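Colleague: the following comprises the amino acid sequence and a computationally predicted model.
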Amino acid sequence: MSLINTIKKGLSASGGKTTIVFAEGWNKVIQEAALNLQKEGIIEPLLIFRNESEFLSNPNLSSINKIIIDKMDLKKYASKLFELRKEKGLTQEEANKLVTEPNYLCSLIVKMDEAQGAICGIEYTTKDTLRPALQIVKTSKSSDLVSSILILERNNETLFFSDVSLVINPTPNEIAYLTENAIDFLENKLNLTNNYYALLSYSTNGSGAGESVDKVKEGFKIFKERNKYPKANVFGEIQFDAAYVDAIRTKKAPSLTWKHGANVFIFPNIDSGNISYKMMQRCAGYEVTGPIIIGLDKPINDLSRGAGLYEVVSLSYITAIQAKK
């Protein structure tokens, strides 16, 4: 059974519905996903529309919970936004304007506990999804960095890539934090054990040299010194083939006694992570869920603007499990 189906089954067994707000309710893929989710009965979708004509354009949405911005009194949201951001110089007039933007409104709805999580990004950029999330929901007290992780599934294989959308060129310290975020997400949110975490490089255990190699080495050293997850199976710097293929790892890193290949990959920069996952998706047929934002106080997740129905539905279930945890 795939990870997403396992999560879906667990949510169903736990009972109760999780309300997820979708910032781009006018989008046809979002509408189709919302109708599917409503039918399955595990997630209660809440769709944001900018105006009534967007809602009325699809007669099948009559039973879907909705917010129509130009028909709604948004004073309570504007007041909350002003309260949260006035020390940063935001005026009440600016707050009144920002709450009419769906990407800001969805974060406020989550902040005010009117939904347990939010999904945005099928039309908004990652920057426009994350900015209000950071300003309104903010970073979790248990996290030192907000980052992203991606789930890739094909047949019975599940892989995780981080970071693919947020941390552009992580410092050694940030590589350590990316690793800690990934461990927390897999082991504490998804209850997945026996994971192997590879801090990727073009070098394995000193076979190459350069600034990028040194950065990953230092990140691994910082991770070990912080000792936040002493039992986690983490290693770096390591090339993808050595991390993934047992026979190659035996040759390139014989002292590394992993029982199987890595399933979690921490990339040295956003270029390598983003390019790699899109190649895996388009050339190798992996189903992709995410980017999943980790490190926020409440779950607000980002869709790729090329997302299809599967990606919206699967990210909805991930958002729900984040909310429950």
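Modeller: Everything's here; your move.
Colleague: every contact and neighbour count from this point should use C-alpha atoms.
Modeller: OK.
Colleague: tell me where the model's unsure across the protein.
Modeller: 1 (pLDDT under 70).
Colleague: could you pull out the strands for it?
Modeller: 18-22, 43-49, 65-68, 117-120, 147-154, 157-162, 196-200, 233-238, 264-266, 287-294, 300-302 (DSSP state E).
Colleague: any chance of CSV for those strands, columns mean neighbour count and distance to residue 216?
Modeller: Formatted as CSV, those follow (neighbours: other CA atoms under 10 Å; distance: least, CA to CA, whole Å):
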stretch, mean neighbour count, distance to residue 216
strand 18-22, 27, 37
strand 43-49, 24, 40
strand 65-68, 18, 46
strand 117-120, 27, 31
strand 147-154, 22, 17
strand 157-162, 20, 14
strand 196-200, 25, 7
strand 233-238, 23, 6
strand 264-266, 26, 10
strand 287-294, 24, 21
strand 300-302, 27, 26
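Colleague: quick one: which of the ones you listed is nearest residue 210?
Modeller: strand 233-238 (11.9 Å; CA to CA).
Colleague: tell me who's in contact with the residue minimising distance to the centre of the chain.
Modeller: Computing the C-alpha centroid of the chain and ranking residues by CA atoms, centre = their mean puts residue 292 first, at 0.8 Å. By CA atoms under 8 Å, 6 or more residues apart in numbering, residue 292 lies in contact with 148, 149, 150, 301, 302, 315, 318.
Colleague: separation between residue 194 and residue 204?
Modeller: 22 Å (CA to CA, to the nearest Å).
Colleague: out of the two, which sits in the busier spot?
Modeller: Ranked by neighbour count (other CA atoms under 10 Å), residue 194 and residue 204 place residue 204 first, with 24 against 12.
Colleague: give me the phi and psi angles of the more buried one.
Modeller: phi -120, psi 110 (degrees, to the nearest 10).
Colleague: and it, what does it touch?
Modeller: 236, 237, 238, 239, 242, 252, 253.
Colleague: do residue 249 as well
Modeller: Contacts of residue 249 by CA under 8 Å, 6+ apart are 241, 242, 243, 256.
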